[in-house]
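[1] sharing a model prediction with you, sequence too.
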Amino acid sequence: MTENISILGSTGSIGTQALKVCELLDIKVSALTANSNIDLLEEQVRKFKPKLAVMGSEEKAKELRIRLADTDTKVSVGLDGLCEAAAVDEADTVLTSVVGMIGLKPTLTAINAKKNIALANKETLVTGGSLVMKSAKENGVKIYPVDSEHSAIFQCLQGCPDKKMLRRLILTASGGPFFGKTYEDLKTVTVEQALKHPNWSMGAKITIDSASMMNKGLEVIEARWLFDMPVDRIDVVVHRESIVHSMIEYTDNSVIAQMGVPDMKIPIQYALTYPERVECDVAQLDLTKLSSLTFYKPDYATFKCLRACKKSMELGGIAPVLANGSNEAAVKLFLDRKISFTDIGDLVWDSMSAVEIREINTLQDVLDADLAAREFVRSAVSK
């Protein structure tokens, strides 16, 4: 069980809920980081008294230093600060909940510092899965999933005595706000419509990814690395109610599911307390109040991002990095109202044929591929 934690991305949805869990379980906090929310980070620092606080920009860090002059908390900045927080001596666990590929280098830094990882940053494994899992094995580090779907699979696998008995993993997807829509329907959706998720409260980027089903595609790639499972044995089903969080199927066709109310404190807490289970401040699941649980096949034709992620794993090498980098760049352009919603999927798909697919041997290979994907998007949109 975690005794001391560093939280990368403490002002986001996962980070704020993780701090609630830490408070309830009396877990000490050694480092907190934020990109730009200086007011909330100051509030968190004063409450949890970490050794280190990190802001995304030098301007924000300078202001935070002034605000925290009456405390003993050191303030650092940027990617170097994230890596410093990832390796802070006192922490035994690092929760990586920053958004985007920026989480990869700090996660590798934490692993090399022999910290266990509570992983809520999909892009870390999507872009650097082979590097991360190899490093975790070499350093004897455990990676505990925080995403509700991967946590569900992880929980279901606790009853699996031998991986040979496992047939497939089944990730559930809410379907987002555009379930049942056609590709033509999606051409005219607005930013406001895409940001209205039916079940979960998340940041803007992740919410858009859910609407495009890119989020689920990233989760397929992440599951491949977390559970060492071939992509052709990882399926997706659309489950609108978000009560069944994911499932595993055994060779005898038995299916084991993890269920619960849609509340992220459950998977966050399990990642921090594993292998123990303790009381959690969430509502109980009352099965008698559920009218039905529905399941549908995903629409791979309409939701190109989901299809592109599966294709990227077939291509291998840097292809998943290209899919992720082009998506990050395209989502920003969509949120800035410079491209349409369907342009996101088109750009993700096209990036994998526009850039030569090469193998990944080092972190620099990942960074170069990510840059190439973003440059492709900028070039394609400017034309």
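    Cool, got the structure.
[2] partners of the host helix or strand of residue 118, with directions?
    Residue 118 belongs to strand 116-119 when assigned by DSSP states H and E. According to DSSP bridges, strand 116-119 has the following sheet partners: strand 93-96 (parallel), strand 143-145 (parallel).
[3] any low-confidence regions in the stretch 1-150 of the chain?
    Scanning the stretch 1-150 of the chain for pLDDT under 70 picks out no residues.
[4] rerun at 90
    Confidence mapping of the stretch 1-150 of the chain against pLDDT under 90 gives the ranges 99-101, 122.
[5] how about the strands of it, start to end?
    Applying DSSP state E, counting those that start in this stretch to the stretch 1-150 of the chain gives strands spanning 4-8, 28-33, 52-55, 74-77, 93-96, 116-119, 143-145.
[6] for residue 14, find the nearest of these.
    In terms of CB to CB, the element of those nearest to residue 14 is strand 93-96, at 7.5 Å. The C-beta positions use only the backbone N, C-alpha and C, and glycine is treated the same way.
[7] check what pLDDT residue 196 gets.
    Note on residue 196: pLDDT of 84.
[8] ditto for residue 348
    Looking at residue 348, its pLDDT is 97.
[9] for residue 221, see how far away it is.
    Going from residue 348 to residue 221 by CB to CB, to the nearest Å gives 13 Å.
[10] neighbour-wise, which of the two wins?
    The neighbour comparison of residue 348 against residue 221 (other CB atoms under 10 Å) goes to residue 348, with 32 against 25.
[11] what helix or strand is that one on?
    helix 341-354.
[12] that helix: what's the following helix or strand?
    helix 363-382.
[13] ok now that next one, how far from the chain's centre?
    Between the centre of helix 363-382 and the centre of its chain there are 20 Å (CA atoms, centre = their mean, to the nearest Å).
[14] going forward can the numbers begin at 57, since that is how I track them
    All right, first residue 57 from here; so that's helix 419-438.
[15] which residues sit against it?
    With CB atoms under 8 Å, 6 or more residues apart in numbering as the test, helix 419-438 has contacts from 157, 160-161, 164, 183-184, 187, 374, 377-382, 384-386, 389, 394-395, 399, 403, 406-407, 410-411, 414-416.
[16] give the contact list for residue 400.
    Counted by CB under 8 Å, 6+ apart, residue 400 has contacts 264, 268, 270, 361, 383, 386, 387, 390.
[17] wait, a strand at the last one?
    If I follow you right, that is residue 390. No - counting by DSSP: H, G, I helix; E, B strand; the rest coil, residue 390 is not part of a strand but helix.
[18] contacts only, for it.
    For residue 390, the contact set (CB under 8 Å, 6+ apart) comprises 247, 250, 264, 396, 397, 399, 400.
[19] try the third one
    Under the criterion of CB under 8 Å, 6+ apart, the neighbours of residue 270 are 264, 361, 362, 365, 383, 387, 400, 401, 404.
[20] helix or strand: which one has the second one?
    Just to be clear, that refers to residue 361. Here residue 361 sits within helix 360-371, counting by DSSP H and E.
[21] what's the average pLDDT for that helix?
    The average pLDDT within helix 360-371 is 96.
[22] buried ones in that helix, by neighbour count?
    Of all the residues in helix 360-371, those buried under the rule 16 or more other CB atoms under 10 Å are 360, 361, 362, 363, 364, 365, 366, 367, 368, 369.
[23] can you give me the offset of it from its chain's centre?
    What separates the centre of helix 360-371 from the centre of its chain is 17 Å, taken as CA atoms, centre = their mean.
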